[in-house]
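1. build me a model:
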Amino acid sequence: VCTELGLPGSAEDMQVDYERGYVYLSVFDRMATVKGETPAEGGRIMRVNLNNSVLLAEDALVNAPDYIRPHGISLFIDAEGQRHLFMINHPADRESGQEAIERFTEKSPGIFLYAETFASPLITRANDLVATGPRQFYVAQDIAQGSSQKVTNLVYFDGETYTVVANDIESGGGINVSADNNTLYIAETGAKAIRVVNRNRDNGTVETLRRLQLESSPDNINVADDGMLIVGAHSNLIALVMHFIIGSDAPTQILRINAEATPPTIEEIYLNGGSEIISGSGAVSIGDRLLIG
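-> Down below sits the predicted model:
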């Protein structure tokens with residue numbers, strides 16, 4: 001059975017707090033921007049409490065910056081159990097404005113307060129991010145539609161300094177980290193691959209271990225509680241581009257990948273041409289339930 005959650009926009013990215021049973025959603029009326037219209041309201045970070053029998057999306061932020069246009073989000077739980085929620089906040093004009101990273105801290109279960117804003121000239125096309133500490137994160141950057149550019153940067157912030165740690169990413173559509181905080185998984189949308197990377201926990205530098213070649217273009221990556229990667233993928237890039245241009249239907253594909261198996265295993269767990277879910281960008285798996293944004 002497939003059930004729709006009524007949202008004031010699309011949930012481009014999602015993150016799960018398995019211990020608390022919450023899913024956090026990056027919600028914004030992206031279709032309005034595709035049509036060249038001004039969204040009726042700003043973006044929101046919302047949560048769904050999976051412990052309830054009826055699933056409802058509620059606001060997760062007590063306070064927030066005046067302007068929110070969210071994209072990728074990431075949840076980090078520190079050694080004391082404090083939750084830190086990070087969010088990419090796009091400018092109105094992505095070609096000339098400054099990208100920002102917002103950090104929020106949990107005040108009570110599922111309720112977050114604004115803490116601080118990060119920005120750097122190195123972050124120009126933020127698409128997704130993953131937090132690896134209370135104030136540390138990697139930002140995966142994409143390539144502008146129609147650009148002749150082939151590769152882009154992966155940027156790391158260590159709490160004080162921003163550094164380009166890779167400059168050969170073929171359009172970073174998504175990024176996440178293993179439970180032990182040692183391995184990064186980077187969706188290279190342009191290469192139809194997921195790059196598996198070892199990260200140096202002392203200085204944030206990275207070393208590519210392998211690339212998992214796919215038959216689709218990967219987008220957001222979530223790491224399930226069993227370590228499996230749940231990946232939103234675009235099986236038809238032409239249809240995706242047309243969706244961005246005119247809002248037409250585009251397929252949604254969800255893959256479950258065991259990146260640590262030898263050889264890695266890739267299983268398609270959902271595919272729809274767009275009649276049910278249009279241009280799905282990611283999913284999270286909780287027990288026998290699958291939430292697709």
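
2. quick one: the strands in the stretch 101-250 of the chain, in order.
-> 111-118, 126-131, 137-141, 152-157, 162-169, 172-177, 183-188, 193-199, 206-213, 217-223, 229-234 (DSSP state E, counting those that start in this stretch).

3. do you know how far the residue most central in space within the chain is from D13?
-> Central residue of the chain (CA atoms, centre = their mean): G72, 3.8 Å from the mean position. From G72 across to D13, the span is 5 Å (CB to CB, to the nearest Å). For every residue, glycine as well, the C-beta is placed using N, CA and C.

4. repeat for K150
-> 24 Å.

5. so which of those two has more stuff around it?
-> More neighbours surround D13 than the other of K150 and D13, with 29 against 11 (other CB atoms under 10 Å).

6. contact partners for the more buried one?
-> L25, S26, P70, H71, G72, I73, D128, G174, N220, S281, G282, G293 (CB atoms under 8 Å, 6 or more residues apart in numbering).

7. just the buried residues of these.
-> Buried members of the contacts of D13, counted by 16 or more other CB atoms under 10 Å: L25, S26, P70, H71, G72, I73, D128, G174, N220, S281, G282, G293.

8. quick one: low-confidence ranges for the protein?
-> Applying pLDDT under 70 to the chain flags residues 32, 34-35, 40, 245.

9. let me see the ranges of the helices in it.
-> 30-34, 237-246 (DSSP state H).

10. about what we covered before: got the strands of the stretch 101-250 of the chain as CSV, with distance to G273 columns?
-> Compiled in CSV, those are given as follows (distance: least, CB to CB, whole Å):
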stretch, distance to G273
strand 111-118, 36
strand 126-131, 25
strand 137-141, 27
strand 152-157, 30
strand 162-169, 29
strand 172-177, 20
strand 183-188, 22
strand 193-199, 23
strand 206-213, 24
strand 217-223, 16
strand 229-234, 12
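
11. closest to T262 out of those?
-> strand 206-213 (10.3 Å; CB to CB).

12. buried ones in the closest one, by neighbour count?
-> Quick answer for strand 206-213 (16+ other CB under 10 Å): V206, R211, L212.

13. please verify my assumption that the second one contacts V196.
-> Yes - here R211 lies in contact with V196, judged by CB atoms under 8 Å, at a distance of 7.2 Å.

14. quick one: D249 and S275 touch, right?
-> Yes - D249 is within contact range of S275, at 6.9 Å (criterion: CB under 8 Å).

15. who has more neighbours, those two?
-> D249 (16 against 9).

16. excluding its backbone neighbours, what's nearest that one?
-> G274 (3.1 Å; CB to CB, 6 or more residues apart in numbering).

17. ok, that neighbour - how many residues close by?
-> 16.

18. so who does it touch?
-> A239, D249, A250, P251, T252.

19. for the first one, which non-adjacent residue is closest in space?
-> Take A239 and drop its neighbours on the chain: the residue closest to it by CB to CB, 6+ apart is A250, 4.1 Å away.

20. please look at that neighbour and G232 and confirm they touch.
-> No - A250 lies out of contact with G232 (CB under 8 Å); the separation is 11.8 Å.

21. more neighbours: which of those two?
-> Between A250 and G232, counted using other CB under 10 Å, G232 has the larger neighbour count: 30 against 22.

22. check contacts around the more buried one.
-> Counting by CB under 8 Å, 6+ apart, G232 has contacts 174, 218-221, 252-254, 280-283, 292-293.

23. how near is the nearest residue to it once chain neighbours are set aside to M14?
-> Nearest non-adjacent residue to G232, counting by CB to CB, 6+ apart: G282, 3.7 Å away. Going from G282 to M14 by CB to CB gives 6 Å.
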